[in-house]
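> this is the structure alone, sequence omitted:
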């Protein structure tokens, strides 16, 4: 019965014919009694002879003629048909871009069995568990790896050509295990403990590996030692990384057997001790191999961290001194050293990772700081950003290609940053490209693939080359929302920290470059938004100029108003609260507005030009839309008149309000509904009009403020132009608050506070908050003063308000297919009287009642409101009687 054992990760395949035995397969029972391995573990009987020539000796599993048991092949046919496996007579390693991937399950190996003795012709190794022997997942036909000399060699199995190889020449006399000192006796190594205790804190991990390698080479009395650490590739697989060694030879290569053994130890996680490689049947040396590459004894031990994960492997070759093989004590000593080294390396890696994160965060903060600063142009910003990445990543050259958005197949311009030998950086911008340049070719490739490209050796045969370019890393600048490539960033010629020679870009460099390209994308987006904002601001300025021109009073009307004799307040009916603007012509209404400013001495108090006042009044009149039923110029004049009458009739207001406050109140009253559209705030937001995007609350009121300021800033109507900067700022602030107070929602929120002040008689004129609240209440009282007018005027205005509300309700039904509020539903037109009574009871009566208690002069407003309520209530009663009569009929 044939048996095949494959050592996964090393490509080693063993076979023994039934009925034969080998000391390498001799195992011990738990009681310690030796027993011969089962027949299935037997190997072909071969004579053990001393090696006299190079034709025999260290037998390599990479070449032996191996046959796989037929039954095993049938059970694992899929493994042989896999694209990763090539069936054939001989099996070896799979070469994957210069790296060998470890089996993912091999980190979970269970303890196996091993020999206790180390005979000259045998080897002490631990058998991998069955999970590791399931199939030749790393096997590949060796016929694919023929070299020029005809030998079966696997090139670059564990280490790529570009991997780092450190050689340390440490000549020393040979010594035996007995002269190894405390380390050789298996005691705690004070030298290693010192490294763990902090002696290695100032050293880099490469220096730590070198010193430890020299130390263990002396401790176990080996001719030479080598060490390799593990890392992960892009796919997340485990691969061997940098290679360190101590050797007397100036130029030492890494033969395939070294890589095979180290790969096997990493894969299994168990030590491997080969006492006499010349007589080991698993390997065979070729005649043409140099004598220096023929080892006698080998001891390889994995390096594990505190979580029992393999992070590296060390291998000692050729025991020196009297002993010709590495003993069990050497294995214990080397394992104890590697246990400490695993902790040391893990701490160093954590420390370096933390330092990299701190460095990355510092670079990110500097990039963000540059993004928040103002720059004259995008080229300057990208140039300063490139200077940061040049210093941070230690490269000689940085190129930022910007894509042409009109033609996605080419770049429109480029920013190039250079760093000289003294660390000074410069940048320039160009729109001319050499399409045959290697950096441009890689930029085009990355723009097409939209993936990062990292080339450690540009001079390799499969890549485009160029003079002066050693290493290159390239990443796209992407707009993730639109899935576009805005540009490409390239870093060229990484400079090593230890020397001026170039080196490859690491994962940390890739992470740093990814952050940099995201900042570049943000810079491009910010610049684009800024350009659009500036363009829109320019358009807005032009629009305001056009609007100001059309809102300005015609020259003939302004001259007519300026030259005419303005009637007195009595003749215009401005003294009483019963004033109505309905019977006035446009010219007379403008004269009434001018008269109110004249009688309040605002022109004299603020050195206001009469001509400017006339033009301002006419501009405000043009700012109201004539196609709106109620919220038009007539309503504005009525509101301003009510404010004028309250101030003139109330001595307390004249004595306590400043002239600036009175000016702000009059300007606000006349301008509080400028450019009203005949709809309320709810409709504007439901219709998603542009105004709704500007303000989240009091949308129309904010718009009225903007139009008011637009007219006040018009050169022909600057009635506040002679105010000091302090008075001007205070007046504008009061105007804004006064107009916002006309929003009934705001009034409902603040009126309880005013009612409390009136009822408790705690209003204090010296309190600025009380004064602001009083101005707001006066604005609301004047805004709804139509409810206080004589019955005939009140009924006319109520119909105008209802018509405007019903028109909005019709639009809501038509456009939104919703049921409007009762006050805006035309179905309720017969209930106008009832709606008016509800409006008076909820808003008007409480307001005028509190105002009349505060100022006796405002009692006519309360009386007028009360009389009109009685009228509307009578209509409600008549409507109920008529409805009952019709029901009886």
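Happy to help now that I have it. If you're wondering where the values come from, they're calculated on a predicted model, not measured in any experiment.

> the strands in the stretch 451-600 of the chain, which residues?
Applying DSSP state E, counting those that start in this stretch to the stretch 451-600 of the chain gives strands spanning 453-455, 472-479, 484-495, 502-503.

> now those strands in JSON lines, with mean neighbour count and distance to residue 817?
No exception for glycine: its C-beta is placed from N, CA and C like everyone else's. Shown next, in JSON lines, are the strands of the stretch 451-600 of the chain (neighbours: other Cβ atoms under 10 Å; distance: least, Cβ to Cβ, whole Å):
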{"stretch": "strand 453-455", "mean neighbour count": "19", "distance to residue 817": "56"}
{"stretch": "strand 472-479", "mean neighbour count": "23", "distance to residue 817": "39"}
{"stretch": "strand 484-495", "mean neighbour count": "22", "distance to residue 817": "39"}
{"stretch": "strand 502-503", "mean neighbour count": "18", "distance to residue 817": "70"}
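
> and of those strands, who's closest to residue 689?
Closest of the strands of the stretch 451-600 of the chain to residue 689 is strand 472-479, at 30.1 Å (criterion: Cβ to Cβ).

> follow-up on the earlier one: now mean pLDDT too, for the strands of the stretch 451-600 of the chain, in TSV please.
Converted to TSV, those look like this (pLDDT from 0 to 100):
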stretch	mean pLDDT
strand 453-455	89
strand 472-479	92
strand 484-495	90
strand 502-503	60
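
> for those, give me a markdown table that also has distance to residue 806.
Output for these, formatted as a markdown table (distance: least, Cβ to Cβ, whole Å):
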| stretch | distance to residue 806 |
| --- | --- |
| strand 453-455 | 68 |
| strand 472-479 | 49 |
| strand 484-495 | 50 |
| strand 502-503 | 80 |
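
> so which of these comes closest to residue 426?
With respect to residue 426, and counting by Cβ to Cβ, the nearest of those is strand 484-495 at 15.2 Å.

> and that closest one, what does it pack onto?
Using 3 or more Cβ pairs under 8 Å, 6 or more residues apart in numbering; DSSP states H and E, the elements in contact with strand 484-495 are helix 378-393, strand 395-404, strand 407-419, helix 438-449, strand 472-479, strand 502-503, helix 507-551.

> quick one: low-confidence parts of the stretch 501-650 of the chain?
Within the stretch 501-650 of the chain, the stretches with pLDDT under 70 are 501-502.

> please redo it, this time with the cut-off set to 50
501 (pLDDT under 50).

> quick one: which helix or strand includes residue 746?
For residue 746, the element it lies in under DSSP states H and E is helix 744-760.

> contact partners of that helix?
If you take Cβ atoms under 8 Å, 6 or more residues apart in numbering as the criterion, helix 744-760 is touched by 697-698, 740-741, 762-763, 770, 773-774, 776-777, 780, 843, 846-847, 850, 853-854.

> what subset of those is buried?
Among the contacts of helix 744-760, those classed as buried by 16 or more other Cβ atoms under 10 Å are 698, 740-741, 763, 770, 773-774, 776-777, 780, 843, 847, 850, 854.

> circling back to that earlier point, now the element after the helix holding residue 746, going C-ward?
Later in the chain than helix 744-760, the nearest helix or strand by DSSP H and E is helix 768-783.

> for that following helix, name the packing helices and strands.
Packed against helix 768-783 by the contact rule (3+ Cβ pairs under 8 Å, 6+ apart) you find helix 633-649, helix 659-671, helix 725-740, helix 744-760, helix 845-854.

> list the helices and strands the shortest one packs on?
Read it as helix 845-854. helix 744-760, helix 768-783, helix 859-888.

> mind checking how far stretch 706-721 is from the chain centre?
Mean C-alpha position of stretch 706-721 versus that of the full chain (Cα atoms, centre = their mean, to the nearest Å) differs by 45 Å.

> how close does the residue nearest the centre of the chain get to residue 343?
Centroid check for the chain by Cα atoms, centre = their mean gives residue 518 as the closest residue, at 8.1 Å. Distance from residue 518 to residue 343, counting by Cβ to Cβ, to the nearest Å: 36 Å.

> and what of residue 360?
Distance from residue 360 to residue 343, counting by Cβ to Cβ: 26 Å.

> so which of the helices and strands packed on helix 845-854 is nearest residue 676?
Between the helices and strands packed on helix 845-854, helix 768-783 lies closest to residue 676; by Cβ to Cβ that is 11.9 Å.

> residues near residue 451, how many?
By other Cβ atoms under 10 Å, 10 other residues sit near residue 451.

> what residues are up against it?
The contact partners of residue 451, by Cβ under 8 Å, 6+ apart, come to residue 476.

> hang on, residue 617 packs against residue 561?
Yes: contact status for residue 617 versus residue 561: in contact at 7.4 Å, counting by Cβ atoms under 8 Å.

> what do those two both touch?
Listed as contacting both residue 617 and residue 561 by Cβ under 8 Å, 6+ apart are 590, 594.

> where does the prediction get shaky in the stretch 251-400 of the chain?
251, 287-288.

> same check, this time on the stretch 651-800 of the chain
The low-confidence ranges in the stretch 651-800 of the chain, as defined by pLDDT under 50, are absent entirely.

> which of the buried ones among the contacts of helix 744-760 lies closest to residue 879?
Checking the buried ones among the contacts of helix 744-760 against residue 879 by Cβ to Cβ gives residue 843 as the nearest, at 21.9 Å.

> can you pull the pLDDT of that closest one?
At residue 843, the predicted lDDT confidence score is 96.

> how about it, secondary structure?
Under DSSP: H, G, I helix; E, B strand; the rest coil, residue 843 falls in the helix class.

> with neighbour numbers in mind, choose between residue 617 and residue 561.
The neighbour count for residue 617 versus residue 561, taken as other Cβ under 10 Å, is higher for residue 617 (26 against 22).

> all strands of the stretch 251-400 of the chain, in order?
Ranges of strands in the stretch 251-400 of the chain, per DSSP E, counting those that start in this stretch, are 272-274, 298-304, 310-319, 395-404.

> look up how far residue 277 lies from residue 322.
In this view, residue 322 and residue 277 are 19 Å apart by Cβ to Cβ.

> more neighbours: which of the two?
Using other Cβ under 10 Å as the criterion, residue 322 and residue 277 rank with residue 277 on top: 25 against 11.

> hmm, residue 297 and that one touching each other?
Yes: between residue 277 and residue 297 there is a contact under Cβ under 8 Å: 6.7 Å.

> for residue 763, give me its contacts.
757, 770, 774, 854.
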